[in-house]
Each structure stands twice: as C-alpha cells, then as structure tokens.
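In: for reference, the sequence and a predicted model appear below.
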Amino acid sequence: MVAEGLTAARVYKLCAIAEQTKSYPLSGLQEDVVWRNDVAPFLGSLPKNVLDIWHYGFTEMLNNAIDHSGGAQVTVNMIKTAADVQIGIMDDGVGIFRKIQKALGLLDERHSVLELAKGKLTTDPARHTGEGIFFSSRMFDHFAILSGETYFSHKYLDEQDWILETKGPDTGTYVQMKLWNHTSRTQKKVFSRFTIGDELAFAKTVVPVRLAQYGDEALVSRSQAKRLLARVEKFAIVMLDFEGVSNIGQAFADEVFRVFPSEHPGTQLHPFNTSVAVGEMIRRALAAKSAISGQS
Ligand SMILES: Nc1ncnc2c1ncn2[C@@H]1O[C@H](COP(=O)(O)OP(=O)(O)OP(=O)(O)O)[C@@H](O)[C@H]1O
Ligand SMILES: [Mg+2]
C-alpha cells in the first residue's frame, strides 16, 4: 500500500513540468501575500475558474496553518504537470485532528473527521465560520489531510469517498490538493450545492454515516446516533449518506429518525444510498413516529 503510494508519487514527479518548494515562518505571514508573490506566478496562465478555485483553496488552507496550527513554520510544495497541479501545505503545529478532538472533547482523534465532514466546524467562532475545509475539499479533484494517525480524503468524482487510514506525520498538519487544469468546475457551482434556493447561506450538508462507525462496529446505539447528529441542527437540510453501511440497529434508527426530528423540527434529514436492511429499519422508525404522533 505504502510502496504503491510512493511509486505513484515518484511517477507523478517525473511528469512534472515545474516544481517549487518554499518554507515560511508562520509569525506575521499573510496568505494573500504568499498567493500573489509565489503561488499565482507558479500557476501561470490557467483558465479563470481554475485559478479562482486555487486562490480560494490555497489561501483558506494557508490561513488555517497561520491561524490554527500554533506552529512556527509552514512549507508549500507545488508540482505542475501538463494535466494538473498539486499543492501541499505542511505546518509543524499541534495537528488538526488532535486540536479538534481536544476542543470538542471527542473520545477519539478519528471522530474529528466526521465533524469536519459535516462542515460549520470551527474552534474559533469569534473569528471563523468553519467553512474553509468543507468547501475546499469539495472543489478539488482530490483533497487530503494527514495528521497524527488519521487521514481524511475526498475525491470529487467519487463524491462520498472519505477514507480513514493510520499513517501520517507525527506532528503538524499536511494538506494536499490536486486540480485538473481544464476542469469546468467553478466555485459558484460548488457553493450552490450547499445552499437552498436563491439564498447564499450554507444551509445544506452531506454526512457520510459510515464515518460514525469504526471497523466492523455496527451502528446500533443511541450514543452513536447522537455522535452522528451532533451539531447538524445548524443546517436546514442534512443528507445522510448510508454508502458502506449495511445495517443499523433499532435504537440507532429510532434516535435518528424519530427522536432527533421531534426535537429539531427546523432540520430535515434525508437518507440516501440505503441498503434494503437499512431502508427497512428507517421505515420501522418512521412508522413508530407516526403511531406516536397519532396518539397525541
Ligand atoms: N493547520 C491546522 N492546524 C490545526 N488545526 C487546524 C488546522 N487547519 C484547520 N484546523 C482546525 O480545523 C477547524 C476547521 O477548519 P476550517 O478551515 O474548515 O474552518 P475555520 O478556519 O475555523 O473557519 P473558516 O475557514 O470559515 O475561516 C479549525 O477551526 C481548526 O480548529
Ligand atoms: Mg479555515
């Protein structure tokens, strides 16, 4: 697995038409200055929609290293091929998943991935909104974060594919973004998938349910359901993606589809990619909900 990864990385480098690596002290660093002086000249003439995505993703991720990492230095590596560009940003700070785990009091560093996947997660609400990683991860063809023992990745084509692995730098955070030079994707199109109607607010999210389960652990308990739905009341519409979840237990289904909606009428839950067994459990929970509301 690792050997394959290294080989692929080496082949990618062989195709490079330009490569640049530069380190910066984080103290006093400004993301727009690095963009203007180093990144935009390296990218050169690419279509406007592509440059706009790079501008957004690069400045958001460098700003994260500056504002959240608590580190001393950041290194930016850029590789350009005829087909695409890859940029890596590595800081030597506390590590993103550890930071989120501590701030939210999570039991496991890996729970941070589920929280990041939901969006609107920030550990500094006075100065931030928690949108940078959510939207950046959806704009690039490939977006990954490695830190500690956790790996979080999102592939555009394989929309729901968030992966957990156990390999990464011991300290700090490494963010890697890759974008095809001729994509027709635009920032606007990506933002509009998570807004409702003509409103500009970030009101809709997609939650990969399988991130609430670890290994072969089945989703059966109310506490797992509460973990899945923590903070989702911040959204009007929550798409629950059951890809990779073969079954769920009765208590889990009851908590998600009966208890949560009755306590949070402002948030609609929409399950999709459900197996036959999961669909059956959801129908049972909804039937119990109608029976109870029929009695009152
Ligand atoms: N390089 C990093 N090192 C440590 N923690 C990080 C790093 N990058 C992000 N984080 C953590 O992840 C959280 C989510 O980051 P994200 O960029 O999505 O939102 P934000 O920076 O808080 O808000 P916004 O991007 O909307 O300004 C941050 O609040 C911070 O706790
Ligand atoms: Mg940010």
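Out: Everything's here; your move. Numbers count the residues shown, from 1 in each chain. Ligands and ions are numbered 1, 2, ... in the order given.
In: if you average pLDDT over the helix or strand encompassing Tyr12, what comes out?
Out: Counting by DSSP states H and E, the element that carries Tyr12 is helix 2-14. Taken as a whole, helix 2-14 has an average pLDDT of 61.
In: the closest residue in space to Ile17 that isn't next to it in sequence and Glu255, how far apart?
Out: Nearest residue to Ile17, sequence neighbours excluded (Cβ to Cβ, 6 or more residues apart in numbering): Lys80, at 5.6 Å. Placement of C-beta: from N, CA and C, glycine included. According to Cβ to Cβ, to the nearest Å, Lys80 and Glu255 sit 49 Å apart.
In: Lys188 too?
Out: 37 Å.
In: so between the two, which is more surrounded?
Out: Using other Cβ atoms under 10 Å as the criterion, Lys188 and Glu255 rank with Glu255 on top: 20 against 9.
In: could you find the closest non-adjacent residue to the more buried one?
Out: Distance criterion Cβ to Cβ, 6+ apart; nearest residue to Glu255, sequence neighbours excluded, is Ala225 at 3.6 Å.
In: neighbours of that neighbour, how many?
Out: Ala225, neighbours per other Cβ under 10 Å, totals 24.
In: name the SS class of it, please.
Out: Here Ala225 is recorded as helix under DSSP: H, G, I helix; E, B strand; the rest coil.
In: correct me if wrong: it contacts Phe257.
Out: No - counting by Cβ atoms under 8 Å, Ala225 does not reach Phe257; the two are 9.1 Å apart.
In: burial check on the residue of the stretch 51-200 of the chain found nearest ligand 2, number of neighbours?
Out: Relative to ligand 2, the nearest point of the stretch 51-200 of the chain is Gly132 (2.9 Å; Cβ to the ion). Gly132: 21 surrounding residues under other Cβ under 10 Å.
In: residues touching it, list them.
Out: Contact analysis of Gly132 by Cβ atoms under 8 Å, 6 or more residues apart in numbering lists Glu60, Met61, Asn63, Asn64.
In: so who does Gly130 touch?
Out: Gly119, Lys120, Leu121, Thr122.
In: what count of nearby residues applies to the residue nearest to Ile17?
Out: The number of residues packed near Lys80 is 20, by other Cβ under 10 Å.
In: how about the residues of the stretch 51-200 of the chain near ligand 2?
Out: Listed as neighbours of ligand 2 in the stretch 51-200 of the chain under the rule Cβ under 5 Å from the ion: Asn64, Gly132.
In: which residues in the stretch 51-200 of the chain form helices?
Out: Secondary structure of the stretch 51-200 of the chain, counting by DSSP state H, counting those that start in this stretch: helices at 96-104, 111-118, 132-139, 187-192.
In: below-threshold pLDDT in this structure: ranges please.
Out: Scanning the chain for pLDDT under 70 picks out 1-11, 13, 156-170, 215, 294-296.
In: just the closest residue of it to ligand 1, please.
Out: Closest approach between the chain and ligand 1, counting by Cβ to the nearest ligand atom: Gly132, at 2.6 Å.
In: how close does that residue sit to Thr150?
Out: The gap separating Gly132 from Thr150 is 18 Å, by Cβ to Cβ.
In: go on, Ala203?
Out: 28 Å.
In: the more surrounded of these two?
Out: Taking other Cβ under 10 Å, Ala203 and Thr150 do not tie; Thr150 has more neighbours (23 against 16).
In: that one reaches Ile100, doesn't it?
Out: No - contact between Thr150 and Ile100 fails when scored by Cβ under 8 Å: they sit 10.1 Å apart.
In: shared neighbours of those two, anything?
Out: With Cβ under 8 Å, 6+ apart, Thr150 and Ile100 have common neighbours Ser112.
In: dump the residue contacts of the closest residue to Met281 other than its chain neighbours.
Out: Closest residue to Met281 apart from its sequence neighbours, by Cβ to Cβ, 6+ apart: Ala253 at 4.2 Å. Ala253 makes contact with Met281, Ile282, Arg284, Ala285 under the criterion Cβ under 8 Å, 6+ apart.
In: could I get these as JSON lines with distance to ligand 1 and neighbour count?
Out: Shown next, in JSON lines, are the contacts of Ala253 (distance: Cβ to the nearest ligand atom, whole Å; neighbours: other Cβ atoms under 10 Å):
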{"residue": "Met281", "distance to ligand 1": "32", "neighbour count": "21"}
{"residue": "Ile282", "distance to ligand 1": "30", "neighbour count": "19"}
{"residue": "Arg284", "distance to ligand 1": "36", "neighbour count": "15"}
{"residue": "Ala285", "distance to ligand 1": "32", "neighbour count": "21"}
